[in-house]
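*Asks:* quick one, what's the 3D model for this:
(2 chains)
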Number of protein chains: 2
Amino acid sequence: MQPQVIAQNFHEMPIWRTYKMDICFPRRELEHTQKYPHAKLIRLGVGDTTEPIPEIITSAMVEHAHALSTPRGYKGYGDEQGNKALRTAIAETFYRDMGVRGNEVFVSDGAQCDISRLQMLLGSNVMVAVQDPSFPAYIDTSVIVGQSGKFREETGKYENIVYMNCRPENNFFPDLSTSPKTNVIFFCSPNNPTGYAASRQQLEQLVNFAKANGSIIVYDSAYAAYITDDSPRSIFEIPGAREVAIEISSFSKFAGFTGVRLGWTVVPEELLYSNGFPLIRDFNRIVCTCFNGASNIVQAGGLACLSSEGYLALSNVVDYYMENAKILVDTFASLGLKVYGGKNAPYIWVHFPGMMSWDVFNEILEKTHILTVPGQGFGPGGEEYIRLSAFGHRECILEASRRLKNLLK
Amino acid sequence: MQPQVIAQNFHEMPIWRTYKMDICFPRRELEHTQKYPHAKLIRLGVGDTTEPIPEIITSAMVEHAHALSTPRGYKGYGDEQGNKALRTAIAETFYRDMGVRGNEVFVSDGAQCDISRLQMLLGSNVMVAVQDPSFPAYIDTSVIVGQSGKFREETGKYENIVYMNCRPENNFFPDLSTSPKTNVIFFCSPNNPTGYAASRQQLEQLVNFAKANGSIIVYDSAYAAYITDDSPRSIFEIPGAREVAIEISSFSKFAGFTGVRLGWTVVPEELLYSNGFPLIRDFNRIVCTCFNGASNIVQAGGLACLSSEGYLALSNVVDYYMENAKILVDTFASLGLKVYGGKNAPYIWVHFPGMMSWDVFNEILEKTHILTVPGQGFGPGGEEYIRLSAFGHRECILEASRRLKNLLK
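*Replies:* Numbering: from 1, shown residues only, chains lettered A, B, ... in the order given. From the prediction side, this is the model:
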């Protein structure tokens, strides 16, 4: 007899990440390398860090790992919410003067993991809004917990998800006067993929909108370290945000920890459910029940990132990637294309008016052996665009620039 | 305006781990240390490893962490499912001749995290059965995803969870002839807290029961390394298990990785939903959407655990804890108490007939300054029992033995 467990409703639904990215995307890469075995492929697709982690940070992890082999240095379980010293350091480094306390910081094994834990907390009976285009994990996890409703081929959208269009025409910020009210708003700034960092005024509008509608903002600031102008680096720079917002962030792109795995989530004590119960208590319960803390070795590395020497060393790596970004922006601009991002984020968002993003992706891959990401992978609002990642070694970026100029000039 | 998000139904429900353990338990410890500031407290409560990790294993993590600071050794994102070499090594080390392939092994950041990811996969519309007593995470995650129904004070049970009583009277194995059929059976062997490892014959019964009823067994083998007799170390030793079982396991207790964080889950390709769709594909989707892989530093350590030298070094640590277990078993036995466990697991399960487990816990704490766990924390079937952990330094175990003999003789 077959198990009687019935597959959940996400079972046959497309997930951008799984279907468009993880299946289509690696498949095309594989096909390409089989077709052109001698071509030197340049990967500017997936936003994966490439530069070594400063030794002051790896040394802290080395030291902690070694100490685990000694009677005095061995440590077992830590607090599920993270080591107190790290929680405090995160609050002091990233939220100085914003009123965030260490006990409101939950250390995680990465932003994506905490997005799914938050979705577990929210459950299936909430309606969510996302920026369109945006990082696919918000929708993908929404589908898994059963919030999304059915996928409509004709629109490329899930019927119960609100897609807030963010394009150059609206300065990459949704028109909130016409946006439907939802329980939750996922908002990523600097945005992946557009690279746009919302201004203070825009975020004030967003907080007021959430307050007026009783929405919770889940603010993803994973790229905040890349902001070069005076755009807010945290939603908690905005007055009143503590009553409506949760912030998810990460060491991945800030510290090259994509494979090392470390992130955090801030849940302010003032954020309440409709019955007045503080959401932080439920999040704490989820963290203690569904997670057992980030690796203690990795947390030691996280603490070293926030030392003054570690932080300075990381700023140099961020600057390096942002110089890459400038080279790519200049490349496309010199070809007369409209190019966005690359100023406050390591992503370049290039417009090819009237073209399908998969066609652009394919043509660039075929003719220059450069992997990008078709904008459609970030939602229907990404159509006509491609995203390039500025993570990469300088010589690859320069070579990519030469090839693109030859192709598109 | 307050956010309109309505708290989910786990909101006000007791969770053993959160309410009984994380709140009551540390509170009692704190009260005790305040009352007796000069007493030397011995912690045999939480099952937390205490002995250093063999250097051959920490060296692999040291090397990997250091390499991340070099251009040649830096690595970014790995596969969400874990490094191929580690997946293969897990399959070969723990599942030799059981037909488990590396692609069926999903590396995780610990068993508890994968329990919650499995619960996300299963959703709220399944009925689950648990051993009573058992590790609280099964019920706690069940409450969070909405499977459990209401908590009944009069029984100490959730109304939609089936509690399969496991006591000495039934040889710690449920009477399956009277057990209701459920979609999912959480089964932990060697069991935490009783320390009992199910026999081959019992597991054959369990697999047949699951097959007959269309149930999925979620088999937790986190303590398999502690088995000293010929009890099966994996459910996949049982013919037919590949069609009905998932196995969750961990490096935590096997390798002292409680704070380092590493585990794995095996989902066989033959395990299907009622519609014939392979469950492994949905689990892969959950892993790729809600998780981003275990830390690459930690995975390097995991691989070293499975080298012949690493494995041998770990066996010595396991033996050390099992000698501790024997000392504790002998202590209680010499006092004429019925004592279980300690033979195939690092837990000792002691019966105090007619007494409330919290009273026993309190008396032992008050009079010997030894922390144990009241059996009731593992479900109503744990009443009259306390659990002691054999993790600890030898001198603490010997001192605990002396104090207990003085108290109970």
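
*Asks:* strands paired with the helix or strand containing residue A:349, and their directions?
*Replies:* Using DSSP states H and E, residue A:349 maps to strand A:347-351. Strand A:347-351 has the following sheet partners, assigned by DSSP bridges: strand A:338-341 (antiparallel), strand A:385-389 (antiparallel).

*Asks:* so which of those strands is the most packed in?
*Replies:* Highest mean neighbour count of those: strand A:385-389, a mean of 29 (counted as mean count of other C-beta atoms under 10 Å in any protein chain shown). In this view, the C-beta of every residue, glycine as well, is placed from N, C-alpha and C.

*Asks:* hey, where'd the helices end up in chain A?
*Replies:* Applying DSSP state H to chain A gives helices spanning A:25-35, A:55-67, A:84-94, A:111-122, A:137-145, A:200-213, A:252-255, A:279-290, A:296-305, A:308-334, A:357-368, A:394-408.

*Asks:* of the ones you listed, which approaches residue B:121 most closely?
*Replies:* Of all those, helix A:137-145 sits nearest to residue B:121, with 8.3 Å by C-beta to C-beta.

*Asks:* can you point out the buried residues in the closest one?
*Replies:* Buried residues in helix A:137-145, defined by neighbour count with 16 or more other C-beta atoms under 10 Å in any protein chain shown: A:137-145.

*Asks:* CA atoms only: put it into CSV for me.
*Replies:* Backbone C-alpha positions of helix A:137-145 (Å, rounded to 0.1, in the frame of the first residue of the first chain) are rendered in CSV as follows:
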residue,chain,number,x,y,z
ALA,A,137,12.8,33.4,-2.0
TYR,A,138,9.9,35.5,-0.8
ILE,A,139,7.5,34.0,-3.3
ASP,A,140,9.1,30.5,-3.2
THR,A,141,8.6,30.2,0.5
SER,A,142,5.1,31.7,0.3
VAL,A,143,4.2,28.9,-2.1
ILE,A,144,5.5,26.3,0.2
VAL,A,145,3.6,27.5,3.3
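
*Asks:* any idea of the mean pLDDT in it?
*Replies:* Helix A:137-145 shows a mean pLDDT of 92.

*Asks:* remind me what that helix packs against, helices and strands.
*Replies:* If you count contacts as 3 or more C-beta pairs under 8 Å, 6 or more residues apart in numbering or on different chains; DSSP states H and E, helix A:137-145 packs onto helix A:111-122, strand A:128-132, strand A:157-158, helix B:279-290.

*Asks:* isn't residue A:379 right next to residue A:140, touching?
*Replies:* No. Look at residue A:379 against residue A:140 with C-beta atoms under 8 Å: they stay out of range, at 11.3 Å.

*Asks:* quick revisit: including mean pLDDT, mean neighbour count and distance to residue B:197, could the helices and strands packed on helix A:137-145 go into a markdown table?
*Replies:* Listed next are the helices and strands packed on helix A:137-145 as a markdown table, based on pLDDT from 0 to 100; neighbours: other C-beta atoms under 10 Å in any protein chain shown; distance: least, C-beta to C-beta, whole Å:
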| stretch | mean pLDDT | mean neighbour count | distance to residue B:197 |
| --- | --- | --- | --- |
| helix A:111-122 | 95 | 25 | 32 |
| strand A:128-132 | 97 | 25 | 45 |
| strand A:157-158 | 93 | 21 | 46 |
| helix B:279-290 | 92 | 21 | 26 |
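
*Asks:* dump the ones you listed into TSV; add distance to residue B:173 as well.
*Replies:* Formatted as TSV, those follow (distance: least, C-beta to C-beta, whole Å):
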stretch	distance to residue B:173
helix A:111-122	32
strand A:128-132	45
strand A:157-158	46
helix B:279-290	26
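
*Asks:* between those, which one is closest to residue B:383.
*Replies:* helix A:111-122 (30.8 Å).

*Asks:* could you say what helices and strands the closest one packs with?
*Replies:* Judged by 3+ C-beta pairs under 8 Å, 6+ apart, helix A:111-122 is in contact with strand A:105-108, helix A:137-145, strand A:216-220, strand A:245-250, strand A:263-266, helix A:279-290, helix B:111-122, helix B:279-290.

*Asks:* list the neighbouring strands of the first one plus their orientation.
*Replies:* Read that as strand A:105-108. strand A:263-266 (antiparallel).

*Asks:* returning to what we had before: closest to residue A:372 out of the helices and strands packed on helix A:111-122?
*Replies:* Comparison of the helices and strands packed on helix A:111-122 against residue A:372 by C-beta to C-beta identifies helix A:137-145 as nearest, at 19.6 Å.

*Asks:* can you give the domain ranges for chain A?
*Replies:* A:16-52+A:310-408, A:57-307 (automatic domain parsing).

*Asks:* show me what from the stretch 101-250 of chain A comes close to chain B.
*Replies:* By C-beta under 8 Å from any C-beta of the partner chain, the residues of the stretch 101-250 of chain A that approach chain B are A:109-110, A:112-113, A:115-116, A:120-126, A:137, A:140-141, A:144-146, A:183-184, A:210-216, A:244.

*Asks:* repeat that with 6 Å
*Replies:* Proximity of the stretch 101-250 of chain A to chain B, by C-beta under 6 Å from any C-beta of the partner chain, involves residues A:109-110, A:112-113, A:116, A:123, A:140-141, A:183, A:214, A:216.

*Asks:* from the buried residues of helix A:137-145, which is closest to chain B?
*Replies:* The nearest member of these to chain B, counting by C-beta to the nearest C-beta, is residue A:140 at 4.6 Å.

*Asks:* measure the closest residue to chain B within the stretch 251-400 of chain A to residue B:41 for me?
*Replies:* In the stretch 251-400 of chain A, the residue found nearest to chain B is residue A:290; the distance is 3.4 Å by C-beta to the nearest C-beta. As judged by C-beta to C-beta, to the nearest Å, residue A:290 and residue B:41 stand 30 Å apart.

*Asks:* what of residue A:56?
*Replies:* 37 Å.

*Asks:* neighbour-wise, which of these two wins?
*Replies:* For residue A:56 versus residue B:41, neighbours defined as other C-beta atoms under 10 Å in any protein chain shown are more numerous around residue A:56 (18 against 14).

*Asks:* mind exporting the helix or strand of chain A with the lowest mean pLDDT as PDB, just the C-alpha atoms?
*Replies:* In chain A, no helix or strand scores lower on mean pLDDT, DSSP states H and E than helix A:25-35, which sits at a mean of 85. What follows is helix A:25-35, C-alpha atoms only, in PDB (Å, rounded to 0.1, in the frame of the first residue of the first chain):
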ATOM      1  CA  PHE A  25      19.700  27.900 -15.400                       C
ATOM      2  CA  PRO A  26      22.300  25.200 -14.600                       C
ATOM      3  CA  ARG A  27      20.900  23.200 -17.500                       C
ATOM      4  CA  ARG A  28      21.700  26.000 -20.000                       C
ATOM      5  CA  GLU A  29      25.100  26.400 -18.500                       C
ATOM      6  CA  LEU A  30      25.800  22.800 -18.900                       C
ATOM      7  CA  GLU A  31      24.500  22.700 -22.500                       C
ATOM      8  CA  HIS A  32      26.700  25.700 -23.300                       C
ATOM      9  CA  THR A  33      29.900  24.200 -21.900                       C
ATOM     10  CA  GLN A  34      29.200  21.000 -23.800                       C
ATOM     11  CA  LYS A  35      28.600  22.900 -27.000                       C
END
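
*Asks:* what packs against it?
*Replies:* Helix A:25-35 is packed against no helix or strand, with contacts defined by 3 or more C-beta pairs under 6 Å, 6 or more residues apart in numbering or on different chains; DSSP states H and E.

*Asks:* show me what that helix is in contact with.
*Replies:* By C-beta atoms under 6 Å, 6 or more residues apart in numbering or on different chains, the surrounding residues in contact with helix A:25-35 are residue A:365.
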